[in-house]
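Peer 1: quick one: sequence and predicted model below, then my questions.
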Amino acid sequence: MTRTLSLTLAAVLAASTAHAETPRFYFGADLSYVNEMEDCGAVYRSDGEAQDPYRLFASLGTNLVRVRIWNDAKWTPYSDLDDVKETIRRSKEAGMQVLLDFHYSDDWADGDKQIVPEAWRPIRDDVPALSAALYDYTRSVLDALAAEGLDPDMVQVGNETNPDLMGELDWKTARPGIDWQRNAALFNAGIKAVRDAGAASGHPARVMLHIAQPENVEPWFAAAKAHGVTDYDLIGVSYYRKWSTKTPAELYDTIRRLRGAYTADVVVVETAYPFTAEGEDASPNLLGTDSLLDGYPATEAGQLKYMTDLTQGVIDAGGTGVVYWEPAWVSTRCSTRWGVGSNWENATFFDWTRGNEPTLAARWAQQSYRFPPQ
C-alpha cells in the first residue's frame with residue numbers, strides 16, 4: 001500500500017512538472033534553510049496561526065523555490081539529496097516551480113571561493129576525470145529526483161562561479177585567474193548532464209549559470225562564450241549593494257546589455273534587504289546599516305520599497321525574475337555555521353517581535369507591476 005501511494009504521488013508530481021508553464025516573471029524565494037529551521041522549532045505565522053512555510057510562500061505570490069545542494073557536507077545533515085527531495089516535494093505540492101542550485105562543493109561555494117569536493121581533490125587538475133565526475137554526479141542527482149517525480153524546473157550549474165569552478169583545495173588556497181579551457185570543460189559537462197537527464201525523464205530543465213554582482217557578469221559571460229560555453233537558458237545575477245560597486249540603476253543597465261547580447265533570460269537570483277537594524281540573537285547580522293541605500297530605511301516599509309522598486313527595475317530592463325535569498329532563515333535555538341541563532345533574521349520576511357508574522361515585503365510578489373505588452 002505504501003509503495004502504491006508513493007508511486008501515485010510521484011505520478012501526480014511528474015504530471016504537474018510536465019505541464020508546468022514558464023511564468024511571465026519569477027517571484028522567487030531561496031528556502032534552503034526552511035527544513036532545518038522547522039526542525040529547530042521555528043514557527044511561521046499568518047494572522048496568529050501557524051503555517052506550513054511552503055504553502056505560506058505560495059499564498060504570498062511566490063512561484064519559484066530555489067534550493068541548494070552540496071556534494072557531501074559532513075558538517076551538516078542538510079542540503080543533501082534527501083533534504084532537497086523534501087524541499088522539492090513540498091514546493092511542488094504547494095504549486096511552485098523549483099530551481100536546484102548545485103554548489104559543486106562540500107561547503108559554501110560563492111564569488112570568492114569554489115572549493116573542490118573532498119572526494120574529487122585527487123583529480124582537481126585532471127580535467128577529463130573531473131569533468132566525468134561532475135557529469136556523473138549531476139546526472140545521478142537528477143535521475144534520482146526524476147525517479148520520484150521531483151524533476152526541478154531549472155538547474156544552476158554552479159553557484160556564484162566567479163572564480164575557477166572547483167578551483168580551490170581549501171578556504172585559504174585560491175587559484176590565480178581562471179583557466180578557461182578547464183572551466184569550459186567543467187561547465188559543459190554539467191550542462192550536458194542536465195540536458196541528458198531531462199531527455200531521459202521527458203521533463204527538461206532550464207539551465208542557469210550564475211555570477212555574483214553585476215560588475216562581474218558581462219566579462220565572465222563574454223569569456224564563457226569565447227571558450228564555447230553557450231548552451232544555457234538563463235543568466236543568474238546576485239545583487240547585494242553591500243558587496244557590489246554598482247547602484248540599482250547600474251544593475252538595470254547591465255541587464256539591458258545582457259538581454260541585447262545573449263538569448264538567455266536574466267534573473268536576479270539572489271538579493272535581500274533588512275527590515276530592521278536590530279537582532280533577535282547575539283549572532284551578528286550580515287546585512288547591517290552598511291547595506292542600506294538612500295531612500296530605503298531599515299524598516300518594513302523600506303524593505304518592501306526596495307523589493308518593489310528592484311522588481312520593477314528588473315522588469316523594465318527586460319529581466320525575467322527576482323529571487324530573495326533565505327527569507328525564512330529566522331532565529332532559533334539551533335546553531336548554524338556562524339553561531340547560535342541566525343545571521344539573517346533582520347533580513348527575512350518574518351518579524352520576530354510579532355511571533356514571526358510576515359513583514360510587508362513578504363507580499364512583494366502581490367504588488368502591482370507594469371509589464372511590457374506581450
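Peer 2: It's in.

Peer 1: just the strands in the stretch 251-374 of the chain please.
Peer 2: Remark: strands assigned in the stretch 251-374 of the chain by DSSP state E, counting those that start in this stretch are 265-270, 321-325, 335-336, 339-340, 350-351, 357-358.

Peer 1: can you lay out these as a markdown table showing mean pLDDT and distance to N162?
Peer 2: The C-beta positions use only the backbone N, C-alpha and C, and glycine is treated the same way. Shown next, in a markdown table, are those (pLDDT from 0 to 100; distance: least, Cβ to Cβ, whole Å):
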| stretch | mean pLDDT | distance to N162 |
| --- | --- | --- |
| strand 265-270 | 98 | 13 |
| strand 321-325 | 99 | 16 |
| strand 335-336 | 85 | 24 |
| strand 339-340 | 90 | 27 |
| strand 350-351 | 98 | 31 |
| strand 357-358 | 98 | 33 |
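
Peer 1: would TSV of the ones you listed with mean neighbour count and distance to A119 be doable?
Peer 2: Converted to TSV, these look like this (neighbours: other Cβ atoms under 10 Å; distance: least, Cβ to Cβ, whole Å):
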stretch	mean neighbour count	distance to A119
strand 265-270	25	27
strand 321-325	25	28
strand 335-336	15	24
strand 339-340	12	29
strand 350-351	23	37
strand 357-358	20	41
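
Peer 1: would you mind giving those strands as a markdown table with distance to K74 added?
Peer 2: What follows is the strands of the stretch 251-374 of the chain, written out as a markdown table (distance: least, Cβ to Cβ, whole Å):
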| stretch | distance to K74 |
| --- | --- |
| strand 265-270 | 25 |
| strand 321-325 | 24 |
| strand 335-336 | 16 |
| strand 339-340 | 20 |
| strand 350-351 | 30 |
| strand 357-358 | 35 |
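
Peer 1: and those: which comes nearest W108?
Peer 2: Comparison of the strands of the stretch 251-374 of the chain against W108 by Cβ to Cβ identifies strand 335-336 as nearest, at 11.2 Å.

Peer 1: pairing partners for the closest one, with directions?
Peer 2: strand 339-340 (antiparallel) (DSSP bridges).

Peer 1: where does this structure have low pLDDT?
Peer 2: Scanning the chain for pLDDT under 70 picks out 1-20, 174-175.

Peer 1: could you pull out the helices for it?
Peer 2: Under the criterion DSSP state H, the chain contains helices at 2-18, 34-39, 53-59, 81-93, 127-147, 180-201, 214-226, 248-261, 300-316.

Peer 1: what's in contact with stretch 247-264?
Peer 2: 214-215, 217-218, 221, 225, 232-235, 237, 239, 241, 244, 246, 266, 268, 293, 309-310, 313-314, 316-319 (Cβ atoms under 8 Å, 6 or more residues apart in numbering).

Peer 1: quick check: M37 touching V330?
Peer 2: Yes: counting by Cβ atoms under 8 Å, M37 touches V330, with 6.0 Å between them.

Peer 1: narrow the contacts of stretch 247-264 to those that are buried.
Peer 2: 214, 217-218, 221, 232-235, 237, 239, 241, 244, 246, 266, 268, 293, 310, 313-314, 317-319 (16 or more other Cβ atoms under 10 Å).

Peer 1: look up how far P152 lies from the residue nearest to the spatial centre of the chain.
Peer 2: Taking Cα atoms, centre = their mean, the centroid of the chain lies closest to R66, which sits 4.3 Å from it. Remark: distance between R66 and P152 (Cβ to Cβ, to the nearest Å) = 10 Å.

Peer 1: quick one: common contacting residues for these two?
Peer 2: Contacts common to R66 and P152, judged by Cβ under 8 Å, 6+ apart, are V98, L99.

Peer 1: so how far does stretch 112-121 reach from one end to the other?
Peer 2: 19 Å (Cα to Cα, to the nearest Å).

Peer 1: quick one: residues in contact with that stretch.
Peer 2: Here stretch 112-121 has contacts from 71-72, 104-107, 109, 124, 130, 133, 158, 161-171, 174, using Cβ under 8 Å, 6+ apart.

Peer 1: any of those buried? List them.
Peer 2: 71, 104-107, 109, 124, 130, 133, 158, 161-168, 174.

Peer 1: contacting residues around stretch 129-137?
Peer 2: For stretch 129-137, contacts defined as Cβ under 8 Å, 6+ apart pick out 71, 104, 116, 120, 123-124, 166, 185-186, 188-190, 192-193.

Peer 1: what are the phi and psi angles of D126?
Peer 2: Torsion angles at D126 (phi, psi; degrees, to the nearest 10) stand at phi -100, psi 90.

Peer 1: how many neighbours does it have?
Peer 2: Neighbour count of D126, defined by other Cβ atoms under 10 Å: 13.

Peer 1: distance of it from R182?
Peer 2: 10 Å.

Peer 1: N35 too?
Peer 2: 35 Å.
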